[in-house]
Structure formats: structure tokens, C-alpha cells
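J.: Quick one: sequence and predicted model below, then my questions.
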Amino acid sequence: MPASEPNAIDELTIREPDDWHLHVRDDDMMALIAHYSARQFARAIIMPNLVPPVTTVAAAEAYRDRILAIMPDGHRFTPLMTAYLTDEIDPDEVERGHGEGVFTACKLYPAGATTNSAFGVTDVRNMHGVLERMQKIGMPLLVHGEVASKDIDIFDREAVFLEKVLGPMRSDFPDLKIVLEHITTADSVAFVQSAGANTAATITPHHLRIDRNALFDGGMRPHAYCLPVAKRAHHRTALRQAAVSGDPKFFLGTDSAPHPRKDKESDCGCAGIFCAPAALESYALTFDEEGALDKLEGFASEFGPRFYGLPLNEGTITLKRDDFAVPDAITGKDLSVVPFHAGETLKWRAMDRAA
Ligand code: NCD
Ligand code: ZN
């Protein structure tokens with residue numbers, strides 16, 4: 001397709017990207033959706049919020065094996081496993097898992113903050129032992145940055161978390177690597193910018209595109225609902241500026257979080273947006289709109305591995321300015337899942353990764 005503007009870039013080849021925040025679920029759902037991520041990303045940080053959650057080295061190894069077992073031949077996809085922090089987690093188990101190369105990081109869910117977080121941490125003060133250990137061994141802490149209190153307005157829960165939990169934790173463990181996951185506010189952008197080099201954040205494709213109006217666009221829109229929930233438009237603007245800024249503290253994490261359609265379209269619909277089928281395309285659209293396609297490679301493929309202390313990928317992926325029709329639903333045996341951008345035709349298409 002010809003470029004829409006005379007100087008527009010029509011094709012972009014970047015180093016293979018990674019997804020630093022992904023839910024691939026398990027069983028039939030995993031079989032239906034995991035390959036979408038493997039098509040675009042060389043590695044992904046796999047979220048541990050299964051039921052029951054992944055809290056032991058053995059459970060993480062078994063989960064990793066199940067993911068690898070459903071990958072197509074020649075997939076070249078590496079799942080990076082995480083431990084789900086609970087009040088009872090044993091620092092020795094965490095250290096052993098990290099030492100054996102099974103746990104890349106630990107995930108902190110405040111209990112009750114989001115999908116399958118019932119086993120999460122009730123009070124961060126219970127975590128001092130494990131956080132101290134992680135700081136010592138250089139293991140990153142990945143944080144769902146929302147307070148779970150029902151008396152705090154849902155649109156304020158991220159900002160309150162920064163003040164009440166993350167700020168103090170940042171001072172108590174100055175050398176701990178912390179990733180504030182799926183940020184949604186200008187407050188989080190500012191927090192990360194003003195913290196030291198060992199504080200970073202992931203940004204999803206959907207939070208770069210939707211604001212809270214999308215939840216009520218002509219009626220209630222369950223497929224636009226995720227946690228942290230999308231905020232006002234000015235917050236989205238701050239996220240877009242951070243993503244395209246070239247600041248290595250901000251990198252790609254899709255938070256692709258599929259739920260069966262019937263569980264989203266319900267009187268108590270689940271939180272989670274399934275963005276994997278068009279993740280890179282969606283990011284490319286945003287970076288293109290911001291006139292910053294030259295900044296996509298750093299955000300998608302370089303800043304994440306550098307923060308985690310992992311090697312950069314060797315292969316490449318090519319994006320072309322071309323129509324890319326996103327299906328209305330991804331449907332399997334007894335499952336249907338509605339993706340982000342369902343029914344839209346995007347203006348960028350990602351080719352398969354090249355070794
Ligand atoms: C995630 C899920 O469904 O597992 N949901 C979401 O809205 N993002 C959990 C999470 O990352 O908060
Ligand atoms: Zn998530």
C-alpha cells in the first residue's frame with residue numbers, strides 16, 4: 001500500500017520484541033490464545049495468577065512445560081516465569097527458583113485488587129523478608145499498583161498506591177528493581193521518571209489508545225474493562241508521551257488478559273483485555289500517530305531486556321503499512337474470546353519473526 005503521506009515510513013524492521021507482562025492462562029484457553037503472543041514476541045513474562053497461583057518452583061516448571069508443549073514446531077518462544085507473592089511465601093524458595101533460572105521475577109498482587117488476586121498480599125509489611133532477599137539477589141519485583149480498598153474510588157486506586165505503598169517501599173528497599181506494571185496515570189509516569197534507574201514501568205497497547213469514555217461508549221462496554229481501569233484522557237496523553245519519549249524506564253508489556261466472552265458479558269464481568277492478536281500492530285499505530293516510529297524498537301525490544309539484565313534478541317520482525325483486519329472473536333471448541341480492536345482494520349501489519 002502507498003504511504004498516506006509523502007515522507008511516511010511504509011515498512012519498519014526492528015529487533016525481535018519481548019512482552020514483559022502476559023497472561024497465557026492454562027488448558028483450553030492457553031491452547032487457543034498463546035500462539036498469538038509467540039508469533040510476535042521472542043520472550044514473555046508469564047503472569048502467575050492461575051487458580052491456584054504459581055507460588056513454587058515446581059509449579060512454575062510444570063506451567064512452563066505446559067506452555068512449551070502447546071507451541072507450534074520451530075516456535076523460538078521463551079516463557080519467563082514469575083512467582084506469585086503471598087503472605088506465606090518462603091524467601092528460600094524464591095531464591096532457589098531464581099538461582100535455578102526458573103523464576104525470572106516475583107509478582108505482587110495486593111489481595112483483592114484484580115482477577116485471581118484473592119491469594120495476594122494483604123499487607124506489604126508482611127513482605128519485608130522476601131523483598132530484602134530479592135534486593136540482595138537482584139531479582140525484579142513486578143507490582144500491580146493499585147490499593148484494593150473498596151472505600152477508595154476505583155479511578156484513584158493507582159495514585160493512592162503510589163503514595164501509600166510504592167513510595168515507602170521504594171525508600172525501604174532502595175536497591176530493589178521494581179517494575180510498576182501496566183501504568184494508567186500521569187502520576188505513575190511522574191513517579192517512575194523521578195525515581196532512580198532501578199524503577200521502571202510497562203505500558204499496554206490499550207492504555208495508549210483508550211480512556212475511560214471507552215467503557216461507556218453508547219452503552220456499557222465490557223471488553224474495554226481491565227484493571228487498572230482506563231483513566232481520563234489527559235492520563236492517556238501522559239502515557240503516550242512516556243512511551244514514545246525514548247526513556248528506557250518505559251517499555252512494552254501487553255497485559256493481554258483473555259477471558260471467555262460469557263464471563264466478560266455478564267452482570268459481573270471480569271477485568272482483562274485480550275490484546276495479543278494485534279498487540280504489536282496496535283503499538284505501531286500509536287507510535288506512528290505520535291510521529292515516533294523510530295522510538296518503537298527501544299520500547300519494544302531493548303529497554304525491557306536491559307532493565308531485567310537479559311541479552312537482547314538476535315532476530316528481527318518487520319512491520320508493514322498494510323490493512324490488518326482484527327477478527328470479531330477468536331473462537332475454539334467451547335470458547336469465544338473478543339480481542340482488543342475487534343472488527344477494526346488497523347493500518348499496520350506485523351510479519352512473522354525472522355531468525
Ligand atoms: C488481569 C487478568 O485477567 O488476569 N486482568 C486485568 O484486568 N489486567 C489481571 C491483572 O493484570 O490485573
Ligand atoms: Zn496483568
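T.: Okay, I see it. Residues are numbered from 1 along each chain as shown. Ligands and ions are numbered 1, 2, ... in the order given.

J.: In the protein, what residue spans correspond to strands?
T.: For the chain, applying DSSP state E gives strands covering 11-15, 19-22, 43-46, 78-84, 103-108, 141-143, 178-180, 199-203, 250-252, 316-325, 330-331, 336-337, 345-350.

J.: Hmm, residue 79 and residue 54 touching each other?
T.: No. With contact defined as C-beta atoms under 8 Å, residue 54 does not reach residue 79; the gap is 11.4 Å. Heads up, the C-betas are built off the backbone N, CA and C, glycines and all.

J.: need the contact list for residue 306.
T.: 248, 312 (C-beta atoms under 8 Å, 6 or more residues apart in numbering).

J.: again, but for residue 45
T.: Contacts of residue 45 by C-beta under 8 Å, 6+ apart are 18-22, 80, 82, 104-105, 142, 253.

J.: from those residues, which is closest to ligand 1?
T.: Of all these, residue 21 has the smallest distance to ligand 1: 7.3 Å, by C-beta to the nearest ligand atom.

J.: Verify the contact between the closest one and residue 142 for me.
T.: Yes. Counting by C-beta under 8 Å, residue 21 touches residue 142, with 7.4 Å between them.

J.: what residues are shared contacts of those two?
T.: 45, 181.

J.: where do the helices sit along the chain?
T.: Per DSSP state H, the chain carries helices over the ranges 27-40, 57-69, 91-99, 128-137, 157-161, 167-172, 186-194, 233-243, 261-264, 279-289, 296-297, 303-308.

J.: measure residue 346 to residue 278 for me?
T.: Distance of residue 346 to residue 278, computed by C-beta to C-beta, to the nearest Å: 6 Å.

J.: Tell me which of those two has more neighbours.
T.: Higher neighbour count among residue 346 and residue 278: residue 278, with 27 against 17, using other C-beta atoms under 10 Å.

J.: pLDDT below threshold where in the chain?
T.: 1-7 (pLDDT under 70).

J.: need the residues of it near ligand 1, please.
T.: For the chain, the contact set with ligand 1 under C-beta under 6 Å from any ligand atom comprises 23, 49, 114-116, 144, 226-227, 255, 257, 271-272.

J.: Repeat the analysis, applying 5 Å as the threshold.
T.: Within the chain, the residues that sit near ligand 1 (C-beta under 5 Å from any ligand atom) are 23, 114-115, 226-227, 255, 257, 271-272.

J.: List buried residues within those residues.
T.: Burial by neighbour count, 16 or more other C-beta atoms under 10 Å: within the residues of the chain next to ligand 1 this picks out 23, 114-115, 226-227, 255, 257, 271-272.

J.: Residue 49 against residue 109, yeah?
T.: Yes. The pair residue 49 and residue 109 passes the contact test of C-beta under 8 Å, sitting 6.7 Å apart.

J.: What residues sit buried inside stretch 337-349?
T.: 337-342, 346-349.

J.: Can you tell me which of those residues is closest to residue 28?
T.: Residue 28 has its nearest neighbour among these in residue 337, at 10.8 Å by C-beta to C-beta.

J.: thinking again about what came up before, select from the contacts of residue 45 the one having the most neighbours.
T.: Comparing the contacts of residue 45 by number of neighbours (other C-beta under 10 Å), residue 20 comes first, having 31 neighbours.

J.: who are the neighbours in contact with it?
T.: Residues in contact with residue 20, defined by C-beta under 8 Å, 6+ apart, are 44-45, 179, 202, 251-253, 304, 308.

J.: Check residue 262 too.
T.: So residue 262 contacts residue 336 (C-beta under 8 Å, 6+ apart).

J.: Does residue 274 touch residue 34 like I think?
T.: No. Counting by C-beta under 8 Å, residue 34 is not a contact partner of residue 274; they are 11.8 Å apart.

J.: picking that back up, so which of the strands of the chain is nearest residue 61?
T.: Across the strands of the chain, residue 61 has its closest neighbour in strand 78-84 (7.8 Å, C-beta to C-beta).

J.: Listing partners with orientation, what would you give for that closest one?
T.: Sheet pairing for strand 78-84, assigned by DSSP bridges, gives strand 43-46 (parallel), strand 103-108 (parallel).

J.: contacting residues around the longest one?
T.: Contacts of strand 103-108 with the rest of the structure, by C-beta under 8 Å, 6+ apart, involve 45, 47-49, 57, 60, 80-85, 89, 94, 97-98, 120-121, 124, 127, 130, 134, 139-144, 179, 181, 308.
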